[in-house]
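[1] Predicted model, plus sequence, below.
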Amino acid sequence: MKTDEEEVRPPLVSIRGVPLIKYFAEMMEEVDGFQAHPDDLLISTYPKSGTTWVSEVIDLICKEGDPQKCREDPIYLRVPFLEFAAPGVPAGIELLKVLPPPRLIKTHLPVQLLPESFWEKKCKMIYVARNAKDVAVSYYYFYQMAKVHPEPGTWNEFLEKFMAGDVSFGSWYEHVKGWWDKRKEQRMLYLFYEDMKEDPQREIQKVIEFLGRTPDPHLVEKIAHLTSFKEMQQNKMANYTSIPTSIMDHTVSPFMRKGITGDWKNLFTVAQNEHFDEDYKRQMEGTTLKFRTEI
Ligand code: PPS
């Protein structure tokens, strides 16, 4: 018999070797058959890497910087999350069925689990990567507040699971490398959270160019302001406060938590940092992909 705790926080379920939130795993058959349209734009990330931030930027670009239009719906309706499912809320795939293309579509799937049609239809893709240490910390807090995940355990236990890829969506290392390796054969813009923090206007400009839109310095400035951490933290249509507390409990830890680079220094011990760095070298050996853990 299941305990109450198991009902609230079911164990992850492996799909072709990738651990997923149970409800997401149950959707994967349907997700596999998803038909993308050539004009759809895919926003792909490992969790906690700046998905919501870049989604808001892109939606604002598509709506010519009109904040009113972007505030008509919460972010998860404007940019449906392909593999999302949870009790009592509409699944991503259901939302996408009724949304006419061109659509903005969010995913956290590693390359090997992405539905074939995105590759076949040659959809444009924007990938955002964030350094592993800040992702691990952000994910640890997110596991606590988003109850579709299993219990994270202590920080040390969670960090070990993160390094082993035993967290939802699997290995960060495989995810960032897998998408990096695809970037040249696909119409893909590969961005970094740290670059967005360092110079948001420069990165917004890159997105505008990638989308084939006319460059406009005023629009860039306006979007940078509307998507600053402070603005998005207050924006009910971007900060996930409209999700039922049974799924996300912001009193445990807010979704818009700190929004900085280098927060890992507040949680990693010296010993954890050394152990992590050593393992990181091994897992990232041979790739040209480089990250900054401070800016
Ligand atoms: S999710 O659940 O995977 O979709 O989360 P995701 O949106 O990818 O990442 C959440 C983290 O991004 C931070 N965030 C921002 N940082 C800077 N500027 C803006 N505008 C912004 N919006 C969201 C958010 O605070 C989470 O990071 P942490 O480190 O936990 O604060």
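    That came in fine, so what should we check first?
[2] Close to the ligand: what parts of the chain are there?
    Residues of the chain found near the ligand, taking Cβ under 6 Å from any ligand atom as the criterion, are 45, 47-53, 134, 138, 141, 227-229, 232, 256-259, 263. Any C-beta I mention is one placed from the backbone N, CA and C, and that applies to glycine too.
[3] Next, check those residues against the helices and list the overlap.
    For the residues of the chain next to the ligand, the ones inside helices are 51-53, 134, 138, 141, 229, 232, with DSSP state H as the criterion.
[4] Redo those as TSV? Include neighbour count.
    Listed next are those as TSV, based on neighbours: other Cβ atoms under 10 Å:
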residue	neighbour count
51	22
52	22
53	23
134	24
138	22
141	21
229	15
232	20
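[5] Distance to residue 198 for the residues you listed - can I get that in a markdown table?
    A markdown table is the format used below for those (distance: Cβ to Cβ, whole Å):
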| residue | distance to residue 198 |
| --- | --- |
| 51 | 19 |
| 52 | 19 |
| 53 | 14 |
| 134 | 14 |
| 138 | 18 |
| 141 | 23 |
| 229 | 14 |
| 232 | 17 |
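[6] would you list the residues you listed in JSON lines and tack on pLDDT?
    Below are those laid out as JSON lines (pLDDT from 0 to 100):
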{"residue": "51", "pLDDT": "98"}
{"residue": "52", "pLDDT": "98"}
{"residue": "53", "pLDDT": "98"}
{"residue": "134", "pLDDT": "98"}
{"residue": "138", "pLDDT": "98"}
{"residue": "141", "pLDDT": "98"}
{"residue": "229", "pLDDT": "98"}
{"residue": "232", "pLDDT": "98"}
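[7] how about residue 42, secondary structure?
    Going by DSSP: H, G, I helix; E, B strand; the rest coil, the secondary structure assigned to residue 42 is strand.
[8] Doesn't residue 204 belong to a helix?
    Yes: with the criterion set as three-state DSSP, the secondary structure at residue 204 is a helix.
[9] wait, isn't it in contact with residue 56?
    No: distance between residue 204 and residue 56: 10.8 Å, which falls outside the contact criterion (Cβ atoms under 8 Å).
[10] Find residues that contact each of the two.
    Counting by Cβ atoms under 8 Å, 6 or more residues apart in numbering, the shared contacts of residue 204 and residue 56 are residue 227.
[11] how about the strands of the stretch 151-295 of the chain, start to end?
    Assignment of strands within the stretch 151-295 of the chain using DSSP state E, counting those that start in this stretch yields the ranges 188-192.
[12] Sketch out the low-pLDDT regions of it for me.
    Screening the stretch 151-295 of the chain residue by residue with the criterion pLDDT under 70, one finds no matching range.
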